[in-house]
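**Q** With the sequence up front, the predicted model follows.
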Amino acid sequence: MTNLGGSVHVDIGADGRASVSRVARCASVWACPVCAPNIRARRAKEIAKGIQNAHLIGAPVFFVTATVPHRSHESLSDVMDRLQSMYSAVWSGRAGCALRQDFGLLGTIRAIEVTHGDNGWHPHVHALVIGSPGETAPSDMIAAQLAERVGGAWHHQFVTHGYAGKYIPGVSLDVRVVEPRDDHSVAEYVSDPNGWDVSLELTRADIKKGRGVTAQAILGLAMESEDDEQRWLSRWIEYERSTKGRRFVVWSRGLKDRLGVTTVDDDEGAADNSGSVTVASFDVAADVWLTARRTGTIGVLLQRLIQGIPTDRCARVPIRMRV
């Protein structure tokens, strides 16, 4: 996100999201604290529509979580490369084709969540697997069969990459049924893990517990930690560099058309902040914004404004003057 000259205008919504104007948008779904929330909100709507339409045609939907081994010294880029390579191998080639045909799958929607914990970077896959339209078999039974089949393929990838002893059934790969009442909650979580809804808190508590610090939280720690500011900032910079150019949400080919879902371009999604009531507005001096952009601390700056922390040369202005 680049300043176009003069000051940068920031509106703070009642939902805690910041909307920025007088800038050229980067449309980064991974790292931009301004563009990402808007894009992810749009992606959540697309996914929710897809799940709803799948249920309308009698296609069961399954929520799959897949993790890979990682060590504290490994870079995020290396672990993400391994995760994506292993996941792609499960669904490609003859074995992947047979898997889709045997279950009559319409397709999949894949997203990657990244956290950081005691054992280093922990990227993992969250995917929605759309079953056969008009399926009459019990969804729980299909989920068990899918877990066995996909779990076997995932275990094979562990063995192939030298992690045979690290595979844990039900943990390294987990499959759950998505009920119609959970359409929006699951869609929000797949598109933005920080938006997990309370209606799934109990059924997916295993994801919430001990999952580490999210990338967005790393920015907050960089702002709040007096002793470890540089350490958290360096982690954020690594995250930003490692995710650049990677696709965040991936629909299998033709699935959107089959489910009647319209695609929204990321540039358009980044500019969309509809539905949020503005509660505060600020004009940020251009040089302050450019310095934050150059040092990778725009997220820290916006967090300060959202939390109402006085910030040098960031003037609060009447809401009626917002642009």
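**A** Done, it's in. As the structure is a prediction and not an experimental result, all values here were calculated from the model. Numbering: from 1, shown residues only.
**Q** where in the stretch 201-323 of the chain is pLDDT low?
**A** By pLDDT under 70, the low-scoring segments of the stretch 201-323 of the chain are 201-211, 225, 264-276, 319-323.
**Q** mind listing the helices for it?
**A** 205-208, 215-224, 229-243, 255-259, 266-271, 286-295, 298-306 (DSSP state H, counting those that start in this stretch).
**Q** if you compare those helices, which one is most tucked away?
**A** Compared across these, helix 298-306 shows the largest average neighbour count, a mean of 21 (mean count of other C-beta atoms under 10 Å). Heads up, the C-betas are built off the backbone N, CA and C, glycines and all.
**Q** Contacts for it, please.
**A** Here helix 298-306 makes contact (C-beta atoms under 8 Å, 6 or more residues apart in numbering) with 1, 10, 12, 16, 18, 20, 32-34, 216, 219-220, 222-223, 236, 280, 282, 284, 288-289, 292, 311, 314.
**Q** how about the helices of the stretch 201-323 of the chain, which one is nearest Glu74?
**A** helix 229-243 (11.1 Å; C-beta to C-beta).
**Q** Packing partners of that closest one?
**A** Packing contacts for helix 229-243, counted by 3 or more C-beta pairs under 8 Å, 6 or more residues apart in numbering; DSSP states H and E, involve helix 76-91, strand 107-117, helix 215-224.
**Q** Map the structural domains onto the sequence of this protein.
**A** Taking automatic domain parsing as the criterion, the chain consists of the domains 1-17+277-323, 36-214+246-275.
**Q** Of all those, which one comes closest to Glu229?
**A** Closest of the domains of the chain to Glu229 is domain 1-17+277-323, at 9.3 Å (criterion: C-beta to C-beta).
**Q** Need the residues that contact stretch 171-184.
**A** Contacts for stretch 171-184 (C-beta under 8 Å, 6+ apart): 44, 48, 51-52, 55, 60-68, 128-129, 139-140, 143-144, 146-147, 150-151, 154-155, 158, 166, 186, 197, 199-200, 203-204, 206.
**Q** any chance you could map the strands in the protein?
**A** For the chain, applying DSSP state E gives strands covering 2-3, 8-13, 18-21, 23-24, 61-67, 107-117, 120-130, 173-178, 213-214, 249-251, 278-284, 314-317.
**Q** Hmm, Ser242 is touching Ser77, no?
**A** Yes. Using C-beta atoms under 8 Å, Ser242 is in contact with Ser77, at 4.2 Å.
**Q** can you list residues touching both of these two?
**A** By C-beta under 8 Å, 6+ apart, no residue touches both Ser242 and Ser77.
**Q** Low-confidence bits of the stretch 51-200 of the chain, can you list those?
**A** In the stretch 51-200 of the chain, residues with pLDDT under 70: 183, 192-200.
**Q** at 50 what do you get?
**A** Residues of the stretch 51-200 of the chain meeting the criterion pLDDT under 50: 195-200.
**Q** Okay, buried residues for stretch 128-146 please.
**A** Going by neighbour count (16 or more other C-beta atoms under 10 Å), the buried part of stretch 128-146 is Leu128, Val129, Ile130, Gly131, Ser132, Ser139, Ile142, Ala143, Leu146.
**Q** In TSV: these, plus distance to Arg110.
**A** Formatted as TSV, the buried residues of stretch 128-146 follow (distance: C-beta to C-beta, whole Å):
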residue	distance to Arg110
Leu128	8
Val129	10
Ile130	12
Gly131	16
Ser132	19
Ser139	20
Ile142	19
Ala143	18
Leu146	15
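**Q** For burial, what's the neighbour tally of Ala41?
**A** As a burial measure, Ala41 scores 21 neighbours (other C-beta atoms under 10 Å).
**Q** Surely Arg258 touches Leu106?
**A** Yes. When contacts are counted by C-beta under 8 Å, Arg258 is listed as touching Leu106 (5.6 Å).
**Q** picking that back up, winner for burial among the helices and strands packed on helix 229-243?
**A** By mean count of other C-beta under 10 Å, the helices and strands packed on helix 229-243 have strand 107-117 as the most buried, with a mean of 21.
**Q** circling back: how about the helices of the stretch 201-323 of the chain, which one is nearest Leu99?
**A** Comparing these by their distance to Leu99 (C-beta to C-beta), the top pick is helix 255-259, with 15.4 Å.
**Q** Give me the distance between that closest one and the centre of its chain.
**A** In terms of C-alpha atoms, centre = their mean, to the nearest Å, the centre of helix 255-259 is found 21 Å from the chain centre.
**Q** So what touches that helix?
**A** Counting by C-beta under 8 Å, 6+ apart, 46, 49-50, 53-54, 106-109, 130, 261-263 sit against helix 255-259.
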